[in-house]
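In: here is a sequence together with a model predicted from it:
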Protein chains: 2
Amino acid sequence: MSERPVGGQPESGPAGRRRAGRRPGSADTRGQILAAARETFSEKGFDKATIRSIARQAGVDPALVHHYFASKEGMFVAAMELPVNPDIVIPMITSGPREEVGERLTRFVLTMTSSAEARQPVLALARTAMTNDRMATMIREFVAHAILDRVAEALRIPPLRMDAAFAQLFGVVLMRYVVKLEPLASVDIEELVELLAPTIQRYLDGPR
Amino acid sequence: MSERPVGGQPESGPAGRRRAGRRPGSADTRGQILAAARETFSEKGFDKATIRSIARQAGVDPALVHHYFASKEGMFVAAMELPVNPDIVIPMITSGPREEVGERLTRFVLTMTSSAEARQPVLALARTAMTNDRMATMIREFVAHAILDRVAEALRIPPLRMDAAFAQLFGVVLMRYVVKLEPLASVDIEELVELLAPTIQRYLDGPR
């Protein structure tokens, strides 16, 4: 059973054996883990899903999951096809001069979402959160624990200030790319950075 | 034909005559105008819909539409069951001390959306805008021309600053009531006003 491909087709192998044992890595093991991750995250939420439960769902050894993904956060990012991994981006943004962190964060969010390819999965998740309570929970837990808590901790600011900064940036991305409110939708990124960065800086400068 | 009720039921009168003539006001004329307004706004957008075209769609005289609704804005508010009419609220917020306009606007938005009944139609429109391009156009035109342009004009600020303030407040409402991000979702309104009002004030204080 080691060479059995693992797409979605039951005809690729005896159906009864598909999740019975633990399979070693194959060309599609990563895809199989990601499919299991999507299923587990949407069912249990981000917090309650574990690498162990995702491995069980995929029918592979947890060590194999660790081999492909360094963290649960990284697995979520890959499963949802998100454009950036907070494990990598957050240290980049929170290190460097403290008085410019608002500008770095604002420019990063606006530059990242300026690519339609990067923006699409982010907006897809946002749409899902708007219309499906269970998915809203999953997304909330990921945003809170994989992104906002870690930035707030790195900068030692109260979580409410982090939420306000996130709401500002998310609101702008939504108005710019979904609602297409003018002039917000057409103005260039640097003009937006100039307008928004002081707001974000003020939130992040707050009482620690 | 004057007493004919006008629900959505074709059996309430000869189908061929339903939109043929102009009917005088009856108990349900208002509901009939609102149904026509919903149809016309979603088809043509807010800007291109006219009182005349809505009257035609409803099969009534434009004067009758004016009798029920003072403005196109008021008709949109009634048709979408929005909790507040910008014709009434905007002058209330933009008059009064200029240095407190950020606080008045922030408190108004947070207090209004704290009622589930008032919030529901606003969030329903937001959901629609996220998933349907034509409805997004209608909502964008209403928000831009019936709300933001008028506040920006009253305060003599560039529209981009108004957009940024709106994105901040809308982002907070979304995170508080849809995504339910904590602590933003549970904190009391006055604490939020204290945190957000200076941001809104800064945008509204901008170069005129």
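Out: Great, that's in hand.
In: residues contacting the nearest residue to residue A:183 once chain neighbours are set aside?
Out: Nearest non-adjacent residue to residue A:183, counting by Cβ to Cβ, 6 or more residues apart in numbering or on different chains: residue B:160, 5.0 Å away. In this view, the C-beta of every residue, glycine as well, is placed from N, C-alpha and C. Residue B:160 makes contacts with A:183-184, A:187, A:191, A:195, as judged by Cβ atoms under 8 Å, 6 or more residues apart in numbering or on different chains.
In: any of those residues buried? List them.
Out: A:184, A:195 (16 or more other Cβ atoms under 10 Å in any protein chain shown).
In: quick one, phi psi at the residue nearest to residue A:183?
Out: Torsion angles at residue B:160 (phi, psi; degrees, to the nearest 10) stand at phi -60, psi -40.
In: can you map out the helices along chain A?
Out: Under the criterion DSSP state H, chain A contains helices at A:29-48, A:51-58, A:62-68, A:72-79, A:86-94, A:101-114, A:116-131, A:133-142, A:149-155, A:159-177, A:189-204.
In: tell me the most buried of those?
Out: Burial of the helices of chain A is given as mean neighbour count (mean count of other Cβ atoms under 10 Å in any protein chain shown); helix A:159-177 ranks first at a mean of 23.
In: and residue A:69, how many neighbours does it have?
Out: 21 (other Cβ atoms under 10 Å in any protein chain shown).
In: distance check, it against residue A:78.
Out: Noted for residue A:69: a distance of 7 Å to residue A:78, by Cβ to Cβ, to the nearest Å.
In: now the residue of chain A found nearest chain B. Nearest residue, chain neighbours left out?
Out: With Cβ to the nearest Cβ, the shortest gap between chain A and chain B falls at residue A:171, namely 2.6 Å. Spatial nearest neighbour of residue A:171, chain neighbours left out: residue B:171 (2.6 Å); criterion: Cβ to Cβ, 6+ apart.
In: wait, isn't that neighbour in contact with residue A:168?
Out: Yes. The pair residue B:171 / residue A:168 is scored as a contact, 5.8 Å apart, by Cβ atoms under 8 Å.
In: and chain A, which residues reach chain B?
Out: Chain A has residues A:126-127, A:129-131, A:136, A:139-140, A:143-144, A:148, A:159-161, A:163-164, A:166-172, A:174-175, A:178-184, A:187, A:191, A:195-196, A:198-199, A:202-203 near chain B, with proximity defined as Cβ under 8 Å from any Cβ of the partner chain.
In: okay if I get the contacts of residue B:160 as CSV plus pLDDT and distance to residue B:119?
Out: Below are the contacts of residue B:160 laid out as CSV (pLDDT from 0 to 100; distance: Cβ to Cβ, whole Å):
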residue, pLDDT, distance to residue B:119
A:183, 96, 28
A:184, 97, 23
A:187, 97, 30
A:191, 96, 32
A:195, 97, 28
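In: tell me the contacts of the nearest residue to residue A:189 once chain neighbours are set aside?
Out: Nearest residue to residue A:189, sequence neighbours excluded (Cβ to Cβ, 6+ apart): residue A:110, at 4.8 Å. By Cβ under 8 Å, 6+ apart, the contact set of residue A:110 is A:172-173, A:189, A:192-193.
In: out of these, who's nearest residue B:100?
Out: For the contacts of residue A:110, the closest approach to residue B:100 (Cβ to Cβ) belongs to residue A:172, at 24.6 Å.
In: measure the closest one to residue B:171 for me?
Out: 8 Å.
In: residue A:66 too?
Out: 36 Å.
In: same check, this time on residue A:76
Out: Residue A:76 is 22 Å from residue B:171, by Cβ to Cβ.
In: so for the nearest residue to residue A:125 once chain neighbours are set aside, what pLDDT did the model give?
Out: Using Cβ to Cβ, 6+ apart and skipping the chain neighbours, the partner closest in space to residue A:125 is residue A:139 (5.5 Å). On pLDDT, residue A:139 comes in at 90.
In: for the one 10 residues further on, same thing?
Out: In this model, residue A:149 is scored at 94, pLDDT.
In: list the contacts of the closest residue to it other than its chain neighbours.
Out: Distance criterion Cβ to Cβ, 6+ apart; nearest residue to residue A:149, sequence neighbours excluded, is residue A:159 at 6.8 Å. Contacts for residue A:159 (Cβ under 8 Å, 6+ apart) come out as A:148-149, A:152, B:182-183.
In: and the furthest pair within these?
Out: A:152 and B:182 (12.0 Å).
In: quick one, phi/psi of residue A:183?
Out: Phi and psi for residue A:183, reported as degrees, to the nearest 10, are phi -90, psi 0.
In: measure it to residue A:195 for me?
Out: According to Cβ to Cβ, residue A:183 stands 11 Å off from residue A:195.
In: so chain A: which segments form each domain?
Out: A:10-79, A:86-204 (automatic domain parsing).
In: looking at those, which has the lowest confidence?
Out: Among those, domain A:10-79 scores lowest, with a mean of 80.
In: and that domain, how far out from the chain middle?
Out: Domain A:10-79 has its C-alpha centroid displaced from the chain centroid by 17 Å (Cα atoms, centre = their mean, to the nearest Å).
In: in space, what's closest to the residue minimising distance to the centre of chain A - neighbours in sequence excluded?
Out: Among the residues of chain A, the one closest to the centroid is residue A:77, at 4.6 Å (Cα atoms, centre = their mean). Take residue A:77 and drop its neighbours on the chain: the residue closest to it by Cβ to Cβ, 6+ apart is residue A:85, 4.7 Å away.
In: again with residue A:89
Out: Nearest to residue A:89 is residue A:108, by Cβ to Cβ, 6+ apart, at 7.0 Å.
In: repeat for residue A:185
Out: Residue A:185's closest residue in space is residue A:176 (Cβ to Cβ, 6+ apart), at 5.1 Å.
In: close enough to count as contact, the one you found and residue A:188?
Out: No. Residue A:176 lies out of contact with residue A:188 (Cβ under 8 Å); the separation is 11.4 Å.
In: so what's the closest residue to residue A:117 other than its chain neighbours up against?
Out: Excluding the flanking residues, the one nearest residue A:117 by Cβ to Cβ, 6+ apart is residue A:83, at 7.5 Å. Neighbour list for residue A:83: A:112, A:115, A:117-119, A:121-122 [criterion: Cβ under 8 Å, 6+ apart].
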